[in-house]
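Visitor: here is the input, now give the coordinates:
(chains A and B)
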Amino acid sequence: MKKSRSAIEMPDSRGKFGKYGGKFVPETLIAPLKELESTYLLMKKDKQFKKELMQLHKEYSGRPTPLTFADKLTSYYGKGKIYLKREDLCHTGAHKINNTLGQILLAKKLGKTRIIAETGAGQHGVATATVCAKFDLDCVIYMGEIDMKRQEPNVFRMKLLGAEVVSVKSGSQTLKDATNEAIRDWVTNVTDTHYIIGSVVGPHPYPMMVRDFQSIIGLETKKQIIEKENKEPDYIIACVGGGSNAIGIFYPFINGKVKLIGVEAAGYGLDSNKHCATLTLGRVGIFHGMKTCLLQTDDGQISEVHSISAGLDYPGVGPEHSYLKDNFLVEYDSITDDEALSAVKLLAQTEGIIPALETAHAIAYLEKLLPKTSKDEIIVLNVSGRGDKDLSIIMDSYGDKI
Amino acid sequence: MKSKISKYIEDKNTKGEKILSVFLTSGFPEKDHFVELALNVLAAGADMLEIGFPFSDPIADGPIIQQSSQTALSNGIDLLKTLKYVKEINEHTDKPIILMGYANPLLSYGLEKFADDSKRIGVDGLIVPDIPLDEYDNFFTSKFDGTDIILLITPTTPIGRIKMIDDKSSGFVYCVSVIGITGALKTTDTDNLQFIKNAYEQCTNNRVLVGFGISSVEDVKYYKPHCDGVIVGSAVIKSLMNDNSKYQKTLELVRNLKSGLIN
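Guide: Okay, the predicted model is just below:
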């Protein structure tokens, strides 16, 4: 297993991560994407921009988030030491705001007056509506009809924050279709509108830009674990839908010795045809502006996928993940709906933390990993979000058996 | 050597006619009568056909073409079936046939295999809206030589890039009249008309066909002086959706549209 030295320098100037990534969009979007890229690259080096963003992270969002030693969860397994990176404690309850704060500042620089976004679980929608309220920009959120039902509290949150939530009734009525509709809106209103994509997906420069904004998670983790343990962890685990929280915590460790593990949603099981295990069972394709691994039919139609977690319910994955997998830089595995549900209860009752269903997939993976670890090994798990939004799904699943 | 499409457009233009290219979704509305419909549309005055092979997630299309693609998919239409239609249509016409659709079904079919099969069957051109100039070389390898690859320009395309696209495009240049998706409303915005006039001037290698937002003979006449022809899609598909006269209403629309393009 040879680790590539150049992974950290990806993507290239054309937005390629090896053969993945790129800009597979209608011509209308090419000039706006180029403008976004050049503005972003300027701002990335701009001291004032960086200072303003760090100030917002600190004073508005509550960063740095803690790295909590999970002593009870550690004793439960009696093996390696488990630390939790607490993105659930960010303002709005998930890591999504790391990206929306960065992009809203960019939108201001670009002189845009209207913001659109897609959302699955509603966490990105809430984080977008939040920054739009704070920065006084019009906000339209596209959300699949099924997701609006299963993540109802977040729909109300977005409306309360002043956003318009548009229900998407096409296709599978989930994140994939919400993204289609957001892209169509952008193609139509690109002159005054910035599209805040919520994950490391879409056309270049989004996968790079969202990764950079989210990599604050990994940078903080590196500093915190060295303060606490005086060494880097042995393992880092994160859930992967589009893959933004995972890239965020992995990226600063990519060329090191840490074993990085991404956990996808196996839905009803890998052989059920109702899952989102894109990297495990997908095949390369072109979708939502990028070349990446996709779940698709034999004739290249995008599959209708399933996960109990709306945030992971997506048939594609960020192109950088496809690249990292091909180059053995990250290992990917998957966890079923049922395993994730058990993990919610486990974390709630050992550590007093109710995780989001997305995060629960990463927690459930401990069941597979921990028996293989030794007591002197350190595991960091990215708690990407909190579970308040999922209570009704969790209640429906447990019923009286809790 | 001039391609069949560009030669056809030039010949028509020389005779004082501008081109009407009609978009049909493959196998829509009825898969068993599609070839008949296509031939009737040509007989009614369409100079060329753009046949859309369906994709589950058409991001550049408005609700009408989305719905027709969905129907086509439910009818079991895929690329292979679409190629079979083209073969049958070609047995009865010499007019150019273009296929239009998204990159993923092509990738899935196998690009080289598609390049061979489509050429053999007589597909004259290809429009793939999610393969812009920037991704052209990786996607359309030399295997596609001999098939026209038609690129699009839009009101957001900078002047310098219009020239680059004109250099690369073959068959014609597809000029999108509005910032938007298919089925968008025609705009009478003067900036947009100015864009079309500029584009028509800038494109010196290719003939220019204007599309998006053209639904009536009035629209056709509005654009006619500033292009070599027009493309009509959503308006025809919409008509087919509501046509219970065995498509007579739709064929009348086609005749009407074409009447605006003959001097």
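
Visitor: okay, now B:S26: neighbour count?
Guide: If you count neighbours by other C-beta atoms under 10 Å in any protein chain shown, B:S26 ends up with 28. Backbone N, C-alpha and C define where each C-beta goes, glycine included.

Visitor: what sits against the closest residue to chain A within the stretch 1-150 of chain B?
Guide: Using C-beta to the nearest C-beta, B:S108 is the residue of the stretch 1-150 of chain B that sits closest to chain A, at 2.8 Å. By C-beta atoms under 8 Å, 6 or more residues apart in numbering or on different chains, the contact set of B:S108 is A:285, A:296, A:298-300.

Visitor: helix or strand: which one has it?
Guide: Using DSSP states H and E, B:S108 sits in helix B:103-109.

Visitor: mind checking how far that helix is from the chain centre?
Guide: Distance, stretch centre to chain centre, for helix B:103-109: 19 Å (C-alpha atoms, centre = their mean, to the nearest Å).

Visitor: residues from the stretch 251-400 of chain A in reach of chain B?
Guide: Within reach of chain B by C-beta under 8 Å from any C-beta of the partner chain, the stretch 251-400 of chain A has these residues: A:284-289, A:294, A:296, A:298-302.

Visitor: chain B: which of those residues is nearest?
Guide: Using C-beta to the nearest C-beta, A:G300 comes nearest to chain B of those, at 2.8 Å.

Visitor: related to what we said a few turns ago, so which of the contacts of B:S108 is the most crowded?
Guide: Tallying neighbours with other C-beta under 10 Å puts A:G300 at the head of those, with 25 neighbours.

Visitor: what number of residues are in the vicinity of the closest residue to A:N189 other than its chain neighbours?
Guide: Spatial nearest neighbour of A:N189, chain neighbours left out: A:R114 (6.7 Å); criterion: C-beta to C-beta, 6 or more residues apart in numbering or on different chains. Neighbours of A:R114 under the rule other C-beta under 10 Å: 17.

Visitor: now do the contacts for A:R114.
Guide: Listed by C-beta under 8 Å, 6+ apart, the contact partners of A:R114 are A:137-140, A:189, A:192-194.

Visitor: same deal with A:F24?
Guide: By C-beta under 8 Å, 6+ apart, the contact set of A:F24 is A:203, A:286, A:289-291, B:103, B:130-132, B:135.

Visitor: which ones are touching residue 95?
Guide: Unless you meant another one, I'm taking chain A. A:87, A:214, A:217, A:244-245, A:248, A:382, A:384-385.

Visitor: nope, chain B
Guide: Applying C-beta under 8 Å, 6+ apart to B:K95 gives the contacts B:8, B:42, B:46-49.

Visitor: helices - which of these land there?
Guide: B:8, B:42 (DSSP state H).

Visitor: which ones among the contacts of B:K95 also lie next to chain A?
Guide: Okay, of the contacts of B:K95, nothing touches chain A (C-beta under 8 Å from any C-beta).

Visitor: follow-up on the earlier one: out of the contacts of A:H95, flag the one nearest to chain B.
Guide: Relative to chain B, the closest of the contacts of A:H95 is A:S244; by C-beta to the nearest C-beta it sits at 20.6 Å.

Visitor: for that closest one, give me phi and psi.
Guide: phi -80, psi -40 (degrees, to the nearest 10).

Visitor: quick one: it and A:I197 touch, right?
Guide: No - A:S244 lies out of contact with A:I197 (C-beta atoms under 8 Å); the separation is 9.3 Å.

Visitor: so between these two, which is more surrounded?
Guide: Higher neighbour count among A:S244 and A:I197: A:S244, with 29 against 26, using other C-beta under 10 Å.

Visitor: pull the contacting residues for the more buried one.
Guide: Here A:S244 is in contact with A:95-96, A:99, A:198-200, A:210-211, A:214, A:318 (C-beta under 8 Å, 6+ apart).

Visitor: likewise for A:L366?
Guide: Taking C-beta under 8 Å, 6+ apart as the test, what A:L366 contacts is A:73, A:77, A:82, A:237, A:343, A:379, A:381.

Visitor: circling back to that earlier point, as TSV, the contacts of B:K95 with pLDDT and neighbour count would be great.
Guide: As requested, those are exported to TSV (pLDDT from 0 to 100; neighbours: other C-beta atoms under 10 Å in any protein chain shown):
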residue	pLDDT	neighbour count
B:Y8	97	21
B:L42	98	20
B:A46	98	25
B:D47	98	19
B:M48	98	25
B:L49	98	24
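
Visitor: just send the contacts of B:K95 back as CSV, with distance to B:G233 too.
Guide: Putting those into CSV (distance: C-beta to C-beta, whole Å) gives the following:
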residue, distance to B:G233
B:Y8, 19
B:L42, 16
B:A46, 12
B:D47, 15
B:M48, 12
B:L49, 11
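
Visitor: what does the stretch 151-263 of chain B put close to chain A?
Guide: So far as C-beta under 8 Å from any C-beta goes, the stretch 151-263 of chain B lies against chain A at B:151-158, B:161, B:165, B:176, B:179-181, B:184.

Visitor: among those, name the ones in helices.
Guide: Under the assignment DSSP H, these contribute B:161, B:165 to helices.

Visitor: how about the strands in the stretch 1-150 of chain B?
Guide: B:19-25, B:48-52, B:97-100, B:125-127, B:148-149 (DSSP state E, counting those that start in this stretch).

Visitor: revised request: answer the last question for the stretch 201-350 of chain A.
Guide: Going by DSSP E, counting those that start in this stretch, the stretch 201-350 of chain A shows strands at A:235-239, A:259-267, A:283-287, A:289-294, A:331-336.

Visitor: okay, the ones you listed in a markdown table with mean pLDDT next?
Guide: Output for those, formatted as a markdown table (pLDDT from 0 to 100):
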| stretch | mean pLDDT |
| --- | --- |
| strand A:235-239 | 98 |
| strand A:259-267 | 98 |
| strand A:283-287 | 98 |
| strand A:289-294 | 98 |
| strand A:331-336 | 98 |
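
Visitor: nearest to B:L251, out of those strands?
Guide: If you check each of the strands of the stretch 201-350 of chain A against B:L251 by C-beta to C-beta, strand A:283-287 wins as the nearest, at 35.7 Å.
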